[in-house]
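>>> Here is a sequence together with a model predicted from it:
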Amino acid sequence: MDNKDFYSDYADNIIIKRFESPNKLRRYAHRQQYLAFLKYIKPGMKVLDAGCGEGVLAIMMSKAGAIVTACDISKPNIEVCQKYAKEEGVDNINFLVADSEDLPFDDSIFDLVVSSHVLEHLPDFDKGLSELMRVTKKRALVAIPTIMNLCSLVQVGRGAFWYRGKRVFFSIPFGFLRMFLALILFREGVNEFYAGNKSLIHIFRFPWIMKKKIKKINFNLVKYEASTLCLPYFQFLIPLIKFLDKYKDRKFFRNFGYGTTYVIEKNIKE
């Protein structure tokens with residue numbers, strides 16, 4: 001419960017730090033994650049954004065014509081959501097405080113459920129995934145951080161992929177070592193921790209772990225893709241990253257994303 005106690009009063013500052021980041025590389029990586037979801041949004045679709053942060057994705061989906069409900073365990077985040085929605089001229093999103101492990105909705109009520117980098121923060125990953133699938137009629141889109149990307153290795157190696165600081169020559173080798181140890185010890189991935197707090201779980205998982213989890217709770221993995229094939233440190237590499245991202249859904253490349261987006265469906269009996 002330490003995670004939930006922390007996050008209930010934690011302000012993410014997602015808009016400033018990520019969506020509107022002055023660093024082009026960081027901004028590109030996070031905006032690609034939103035675009036990975038938006039291509040599945042259709043006008044009139046009833047959508048839940050579970051773990052909505054400061055509401056960026058929820059507002060983008062609403063502007064695309066979806067009927068959006070958005071929830072987050074953080075009270076400060078929801079306050080920012082409401083303010084940001086007004087600034088963007090969006091007044092039809094239902095924002096509420098809610099726990100993604102215990103969603104306050106009936107079964108099979110949403111046409112689509114989306115969850116962007118939320119499950120890895122939960123004390124019970126599997127329970128959170130089951131809750132997302134419980135409230136969707138059929139499909140959920142789930143993105144989580146994954147380890148087999150250079151930016152991911154920088155992050156778990158105690159660096160920042162968008163910043164060439166004093167750890168620039170240390171982070172990738174240390175991240176690779178941590179990934180290798182996790183692999184040979186049959187772990188799910190590498191715990192980056194979160195917000196500098198070692199008591200907060202934030203695991204960059206191997207892509208095949210998510211596939212096993214989906215199968216374990218008897219749902220169907222329709223497809224998955226890298227959220228972005230981002231490369232660290234250098235903003236001038238963005239044109240190359242954009243080129244690589246054209247192939248992020250290919251069988252080989254999809255395993256090497258800075259985050260992975262999964263399309264999951266229920267087993268619907270005719």
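The structure has been received and is ready for your questions.
>>> need the helices for the stretch 101-250 of the chain, in chain order.
Taking DSSP state H, counting those that start in this stretch to define them, one finds helices in the stretch 101-250 of the chain at 125-135, 150-156, 171-184, 207-216, 238-244.
>>> and the second one, C-alpha only, in CSV?
Coordinates of the C-alpha atoms in helix 150-156 are reproduced here as CSV (Å, rounded to 0.1, in the frame of the first residue of the first chain):
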residue,chain,number,x,y,z
LEU,A,150,18.8,1.9,-25.2
CYS,A,151,16.7,4.6,-23.6
SER,A,152,15.3,2.0,-21.2
LEU,A,153,18.9,0.9,-20.3
VAL,A,154,19.8,4.5,-19.6
GLN,A,155,16.8,4.8,-17.2
VAL,A,156,17.5,1.7,-15.2
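>>> coming back round to it: of all the helices of the stretch 101-250 of the chain, which gets the most neighbours per residue?
For the helices of the stretch 101-250 of the chain, ranked by mean neighbour count under the definition mean count of other CB atoms under 10 Å, the leader is helix 150-156 at a mean of 24. Bear in mind the C-beta positions are built from the backbone N, C-alpha and C, glycine included.
>>> Residues in contact with it: which ones?
By CB atoms under 8 Å, 6 or more residues apart in numbering, the surrounding residues in contact with helix 150-156 are 29, 145-147, 160-161, 171-172, 175-176, 178-179, 190-192, 204, 230-233, 258.
>>> quick one: average confidence on it?
The pLDDT scores in helix 150-156 average 97.
>>> ok, Gln32 touching Ser227?
Yes: using CB atoms under 8 Å, Gln32 is in contact with Ser227, at 5.9 Å.
>>> out of these two, which sits in the busier spot?
Neighbours were counted for Gln32 and for Ser227 using other CB atoms under 10 Å; Ser227 has more, 29 against 22.
>>> quick one, what contacts the nearest residue to the more buried one once chain neighbours are set aside?
The spatial neighbour of Ser227 that comes closest, neighbours along the chain excluded (CB to CB, 6 or more residues apart in numbering), is Gly259 at 3.8 Å. By CB under 8 Å, 6+ apart, the contact set of Gly259 is Gln33, His117, Ala143, Ile144, Pro145, Thr146, Ala226, Ser227, Thr228.
>>> Which among the helices of the stretch 101-250 of the chain is found nearest to Asn94?
For Asn94, the closest of the helices of the stretch 101-250 of the chain is helix 125-135, at 13.8 Å, according to CB to CB.
>>> counting contacts, what elements does that closest one pack onto?
Counting contacts by 3 or more CB pairs under 8 Å, 6 or more residues apart in numbering; DSSP states H and E, helix 125-135 packs against strand 46-50, strand 110-116, strand 136-144, helix 207-216.
>>> and stretch 21-34, which residues are buried?
Within stretch 21-34, the residues that count as buried by 16 or more other CB atoms under 10 Å are Ser21, Leu25, Arg26, Arg27, Tyr28, Ala29, His30, Arg31, Gln32, Gln33, Tyr34.
>>> any idea how far the spatially closest residue to Lys4 that is not a sequence neighbour lies from Asn191?
Nearest residue to Lys4 in three dimensions, chain neighbours excluded: Ile73, at 6.3 Å (CB to CB, 6+ apart). Separation of Ile73 from Asn191 (CB to CB, to the nearest Å): 20 Å.
>>> And Glu79, by the same measure?
Taking CB to CB, one finds Glu79 at 29 Å from Asn191.
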